[in-house]
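A.B. asks: What follows is a predicted protein model with its sequence.
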Amino acid sequence: MELRNTKLLFLYRSFLFRLVKFETKNNTLKTIVNALNIKKRKQRIEYVYDEAVKYINDYYKEDLCQFKNNQCIAQRKSNNKKINGCCRVCPLVTDKGCPSSNLACKLIYCKTALKNLKLLKIRDIQVLKCLSIFQRLTLKGSFFQTREEIIKDLYYGPIYSSFKTIFKELSKLFKKKV
Ligand code: SF4
Ligand code: SF4
C-alpha cells in the first residue's frame with residue numbers, strides 16, 4: 001500500500017494494518033514507511049527512537065557545547081566554577097560525558113550553544129509521528145534516563161512510567177531518612 005502523507009498514521013500503526021506492507025515514492029516518508037513495516041511493537045519503537053536520534057545528530061553537526069576541561073562554552077563564558085554543562089545534576093553523567101543516548105536532552109541546547117541555529121522540536125522530527133501522543137509526551141520529559149529506560153516507558157505505557165516515577169521518588173525519600 002502506498003503512503004502519500006501522514007494524515008492517517010494513527011490508523012496505519014494499529015493492529016488493523018499488521019499484514020499490510022507499506023511503500024512510498026516520497027523520500028521524506030521513507031523512515032515512516034520503514035517503521036510501519038516493522039510489525040513488532042518494541043522493535044518499531046526502537047527503530048523510531050534511533051532514527052530520531054540520528055536525525056538530531058545530523059541536524060546539529062558541529063560540537064555545539066564545545067567542552068574544555070569539563071566546562072561547556074556557556075559555563076566558560078559566564079566564568080562560573082560549575083562543570084558538566086547542563087548535565088551536572090544528572091545521575092548518569094560521567095567525566096567522559098553522557099553514557100546515554102537521550103533524545104529529550106538533545107532537544108534543549110541553550111542560546112549560547114545554538115548561536116543562529118533553530119532549536120529542533122519534537123514536531124520537526126517526521127519519524128516521531130509513528131508514536132502516539134502519549135509516547136511523544138513521554139519522550140519530551142524523559143531527561144536523565146538511559147535509552148533502554150525510555151524505550152521501556154514507551155513500550156509499557158503510562159501506568160508503568162507512573163509507578164516507576166513514584167518508586168524513584170519514594171526511594172529518594174527513603175535514602176534521605178536513612
Ligand atoms: S546546552 Fe548550553 S548549558 Fe548545556 S552543555 Fe551546551 S552550552 Fe552548556
Ligand atoms: S542523560 Fe541527559 S542530562 Fe544525563 S548525562 Fe546524558 S545528556 Fe546529560
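C.D. replies: In hand now; what should we look at? Numbering: from 1, shown residues only. Ligands and ions are numbered 1, 2, ... in the order given.
A.B. asks: residues from the chain in reach of ligand 2?
C.D. replies: Residues of the chain found near ligand 2, taking Cβ under 6 Å from any ligand atom as the criterion, are 87, 90, 92-93, 98, 100, 102, 105, 143-144. (Glycine included, C-beta is placed from N, CA and C.)
A.B. asks: what does this structure have sitting close to ligand 1?
C.D. replies: Residues of the chain found near ligand 1 (Cβ under 6 Å from any ligand atom) are 65, 72-74, 85-86, 109-110, 112-113.
A.B. asks: Output the below-cut-off pLDDT ranges for the chain.
C.D. replies: The chain contains residues with pLDDT under 70 at 175-178.
A.B. asks: Quick one: the helices in it, in order.
C.D. replies: 9-12, 30-36, 41-59, 73-77, 111-114, 133-140, 147-156, 158-177 (DSSP state H).
A.B. asks: neighbours around L8, how many?
C.D. replies: Close neighbours of L8, defined as other Cβ atoms under 10 Å, add up to 11.
A.B. asks: what does the one 10 residues further on give?
C.D. replies: Under the neighbour criterion other Cβ under 10 Å, R18 is assigned a count of 7.
A.B. asks: who's in contact with it?
C.D. replies: R18 makes contact with K39, according to Cβ atoms under 8 Å, 6 or more residues apart in numbering.
A.B. asks: what separates the spatially closest residue to S101 that is not a sequence neighbour from R123, distance-wise?
C.D. replies: Excluding the flanking residues, the one nearest S101 by Cβ to Cβ, 6 or more residues apart in numbering is R147, at 4.6 Å. Counting by Cβ to Cβ, to the nearest Å, the separation of R147 from R123 is 21 Å.
A.B. asks: Looking at those two, which one has more neighbours?
C.D. replies: More crowded of R147 and R123, by other Cβ under 10 Å: R147, with 17 against 9.
A.B. asks: pretty sure the more buried one is touching S100, no?
C.D. replies: Yes: counting by Cβ atoms under 8 Å, R147 touches S100, with 5.8 Å between them.
A.B. asks: follow-up on the earlier one: any of the residues of the chain next to ligand 2 buried? List them.
C.D. replies: Buried members of these, scored by 16 or more other Cβ atoms under 10 Å, are 87, 90, 92-93, 98, 100, 102, 105, 143.
A.B. asks: Out of those, which comes closest to ligand 1?
C.D. replies: When those are ranked by distance to ligand 1 (Cβ to the nearest ligand atom), C87 comes first, at 6.8 Å.
A.B. asks: Can you tell me the closest non-neighbouring residue to that closest one?
C.D. replies: Excluding the flanking residues, the one nearest C87 by Cβ to Cβ, 6+ apart is V93, at 4.2 Å.
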